[in-house]
Every structure is written in structure tokens, then in C-alpha cells.
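*Asks:* Got a sequence here, can you model it:
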Amino acid sequence: MKKLQIFTLGISLLALAACSKSSDKAVVSVPQIQIGKAIPNTGTLPAGTYKGTFLANQTYTIGGDITINAGDTLLIQKGVKLNMTNGANIIVNGDLVSLGTKDAPVTITDPRRVKTTGSSTVGQDSAYVGGWGGIYAGPTSKLVVLKWTHLDFGGAALKALPFPNANSLKVGAQYILYFMNPNGVFIMEDSWMYGSPDDATRFYGGFYNIMRNTMEKCGSNGGDGFNAKGSAIGNMAYNLIIGGATNGTKTASDGTTAGECQFTMYNNTYVNDGFRNNGVYGARSGSVEIENNSRALVYNNLIVNCDFGVRIAGGPGGAKVYLADTTYNASDAITKTAYGYNFYYADNASIAGQFVPTNVAQPVVTHPQATDIPNMAAFLGASYTFGLVYDGSSLVGKNNPMFVNFPLPAANNAWVTQCSVDSYNFHLQSGSPAASKGTTTAFQPITTGIPIDPNFGSSGITLPGKDMGCYQLNGTGNQH
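*Replies:* Just a heads-up that it's a prediction; the model follows:
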């Protein structure tokens, strides 16, 4: 009990110190910490309960599910590699903290799999199959922190439910990240996700800061990237999402009566998303989706060759009601859904005809915005009724964002199959039409409930940037 009290006091002191320095802009090097005893690296680690610390720069082989009990903490130091075998999962009933660094990231992977470059198709790329399982954090998990951490080839099917009363979690689920404590905190910063057979993430309730990450090849024949549900609240910003099956970022108030799902989504870069959804065309998005009584602020995003632009769902479709909440409530973290200052580029007329999504399969209430590039309010005119089909062919090839290294226009419909970063560089050139076209004043990120701490919280909530997308010309934003 005394050790636990000391550890708790340490967290409190760190949090207080971080808060007192919140106005400082200097980046201070933080020494690696250790919690409890070191976990011995002696052969394959069997399934069982674990707490303590995986030591820096060591490679561990995991033979079965790792379970963190309520009240316990498992910490992963920089440079650790976890080779997950037998479809192993990390079941978090306590706290999980992964503290990679830029120079020594943490890697959690299936050692049987090797990344492939170039064209990527389901059935020929093992990224879409599922290798190791995922990180499943239950109702007693208070904190999950992932910093500079690679999550590669996850999504093996769950063989048994890890905890009772889980929102929409069933045997056979293939998520990589799952979190469901409405009072908990989930931090994912400067990390990577590569490959998944279904939704890469599912979040039900809690407070989130999801910033400066890179996501590749997520979803096989469907599945979203960062998929927030329930009463989850937070930020999704400065992420690069390429080659996702359906949405890159999404909100939906599914599975809760505790309150609405509310997120800011800003300064993200979405490339080639939405082309592997085997559901009804138009029933989902290809970049941003706001649906089912959720709210969002969507600004400064760079959306290139994605199946659909920012989609604000407008009503019933199929067996489910997708209507987003566009009403006003002064007491909420996000008082009203709002969006603008988003940048679009398309290499064909079908994509350009969905910069402002239309009622292809379900009603939408997405309004053309004069602050977007191109100016969709002017292009569609004052008489346009949201949801109507329009001809976007004259927009094809316009406003090339001028990436440092990525071929646009893309030859031979390459946006369908180029699903990973490879050796490309999605930073903007100095003369990009996306430079200095964002807003830094129209909105602010959510800070409520998100601790600022070098180890047990966010490293810092990056404010909106004036350049569209996740890479800023001044070197801030995504650091990959």
C-alpha cells in the first residue's frame, strides 16, 4: 500500500509540475522512469498477469495474452520490441504506459509479418489479415498512454471476451485499440498504426488526445481509422491517414446514455481513403464522418483523392439512424458542429463530385463552405440544396497541394492501391496553395479532462496550425 501511495503522489507531483509550466515552449528531455520490478527477459513470456516495466531496448517474445489487473501498471520503456505470437492481446484492467522516443520508438508487432511497399490489395497483403491481437482496455482502466509506439499487424480475432459488459465487443472482434472507461484517459501521440482487418480503433467514453500519428492500410473490406463512439471527448489532430478502407476519423454517439461523442478534428492529412468499403457506396465517408447524434469541429484538414469529403450525416439509412447533432448547446464541450477551411484535391470527377458529399445512399446535411479550397459555396452557388448531385469535373486536378514527394496527378487510379507512406514525403513545399490557408482562431482544441504530463498524460496539445494538413512549414505538427 505504501508503494502505491508513493507512486500516486509521484504522478500528482508530476502533473502539478507540468501544469505550472504549461506556458513554457521549451521541450525538456525526460529521463526514462521505471515502475515496480523489471520484467525478466527469459524466453517466451507465457499468458498471464503482468505489472512492472519492460526494460529499454530489449526484445521480448510474448506467447499469450498479457493481462494488467485493476490497480496495476505496466510500463514499456523506449526501444522495447514486443514480438506478439499466437494472436496475443494486451488486456488492460489497470494502466498501460508505452514511452517510446523519436530516436528509440517502442514496437509491438507480429514477427511473422513483413511490411510491403507499393500497390496494396486485400488478399495479397498480410497487413489486412490480422497478426497479433490488440490492446483492449476495460471499464476499470484509468489510463492508456502510447507515445512514439509502432502498432504493426494487429487485429487477430478475439477468442474470448476480455471483460464483461463491453460496448459492442464480441468474440471475433478484430480491433487494435479499444477503450471504454467513461472516466478514463487515452493518449496516443507521435505513434504509428500499420495494417488492420477492421476498425483500427474503437473508443467508448473517456477523454482523448490523439495527435501527430501516422496510420497506414487500416481496414480490409471496411473499417474506420480513429473511430470514436459513446461519450468519448477529445482531439484528433495532425494525423496522417493513408489508404484507410473507409473513414479516417469518425464520431458517433453509439452505445451510451452518458452524453454525446464530441471531437475536434483538425490539421489532419487524409490520402487515398475510402476505396475498400464493401458496403453500400455513399453510406459512409472516405475522410471524415460525423454521425449518430455526435458533434465535431472539423478544420484545416488536407483531403487528397479520398472517396468523400467531410460528411455530416443527415438522417435514417438502412436499419440505423445516422443523423449528426447540428443543434446548439452552450454547456457542451463543443457547442455546435462546425467545419471549414478544409482543402480538397481530386484526380477524377467521381471524387471531385463528392467534395461536398451528396445523398448517394443516405441524407446528408453537409453545407458548402466558402472557406474551403476550392470555395465550394461559390462553386455550387447560393441556390444549392445540400445533398444534391453536382458536376465536379471542372475541379479535377485543381489545387495540387504540392507535396514534397508524392505523384499527383496519380497515374492509373493509383489512389485505390497506394495505401502506405513508403518513401514518399507528405510535407508541403513552400509554394503550396495549402500553405497559410488554415484558421488558428475559429476554434480551440478540447483540454478538459486531458492531463498534461511527460509520462502519464499528453506531451502537449498542439494548437491549430495555419498550414492545411498535418505538416506545418515551421516544423511543428506531425514529426514523422
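*Asks:* which stretches of the stretch 201-350 of the chain form helices?
*Replies:* For the stretch 201-350 of the chain, applying DSSP state H, counting those that start in this stretch gives helices covering 349-352.
*Asks:* nope, the stretch 351-480 of the chain is what I was after
*Replies:* In the stretch 351-480 of the chain, the helices defined using DSSP H, counting those that start in this stretch lie at 376-380.
*Asks:* pLDDT weak spots in it?
*Replies:* By pLDDT under 70, the stretch 351-480 of the chain has no low-scoring segment.
*Asks:* Could you give the bridge partners of residue 49?
*Replies:* Note on residue 49: beta-bridge partners by DSSP bridges are residue 67.
*Asks:* Spit out the contact partners of it.
*Replies:* By C-beta atoms under 8 Å, 6 or more residues apart in numbering, the contact list for residue 49 reads 67-69, 72. From N, CA and C alone the C-beta is placed, and that goes for glycine too.
*Asks:* cool, residue 150 as well?
*Replies:* With contact taken as C-beta under 8 Å, 6+ apart, residue 150 is in contact with 100, 105-109, 191-192, 194.
*Asks:* Out of those, list just those in strands.
*Replies:* Filtering those for membership in strands, criterion DSSP state E, returns 106-109, 192, 194.
*Asks:* Show me how far stretch 235-244 is from its chain's centre.
*Replies:* Distance, stretch centre to chain centre, for stretch 235-244: 6 Å (C-alpha atoms, centre = their mean, to the nearest Å).
*Asks:* Sorry, wrong one. I was asking about stretch 388-405.
*Replies:* Here stretch 388-405 is found 25 Å from its chain centre; the criterion is C-alpha atoms, centre = their mean.
*Asks:* Sort out which residues of that stretch are buried, please.
*Replies:* Using 16 or more other C-beta atoms under 10 Å as the test for burial, stretch 388-405 gives 390, 392, 395-396, 399, 401-403.
*Asks:* same question, stretch 105-118
*Replies:* By 16+ other C-beta under 10 Å, the buried positions in stretch 105-118 come out as 105-110, 113, 115-116.
*Asks:* quick one: which two of these are the most distant?
*Replies:* For the buried residues of stretch 105-118, the maximum inter-member distance is 22.4 Å, found between 106 and 116 (C-beta to C-beta).
*Asks:* Would you mind measuring from residue 428 to residue 343?
*Replies:* 10 Å (C-beta to C-beta, to the nearest Å).
*Asks:* try residue 293
*Replies:* In terms of C-beta to C-beta, residue 293 sits 28 Å off from residue 343.
*Asks:* The two - which one has more neighbours?
*Replies:* residue 343 (23 against 19; other C-beta atoms under 10 Å).
*Asks:* and that one, bridged to which residues?
*Replies:* Under the criterion used (DSSP bridges), residue 343 bridges to residue 302, residue 373.
*Asks:* show me what contacts it?
*Replies:* 301-303, 372-373, 399, 401, 433-434, 437, 468-469.
*Asks:* For residue 41, give me its contacts.
*Replies:* 55, 58-60.
*Asks:* Just give the number of residues close to the closest residue to residue 310 other than its chain neighbours.
*Replies:* Spatial nearest neighbour of residue 310, chain neighbours left out: residue 288 (4.4 Å); criterion: C-beta to C-beta, 6 or more residues apart in numbering. For residue 288, the neighbour count with other C-beta under 10 Å is 30.
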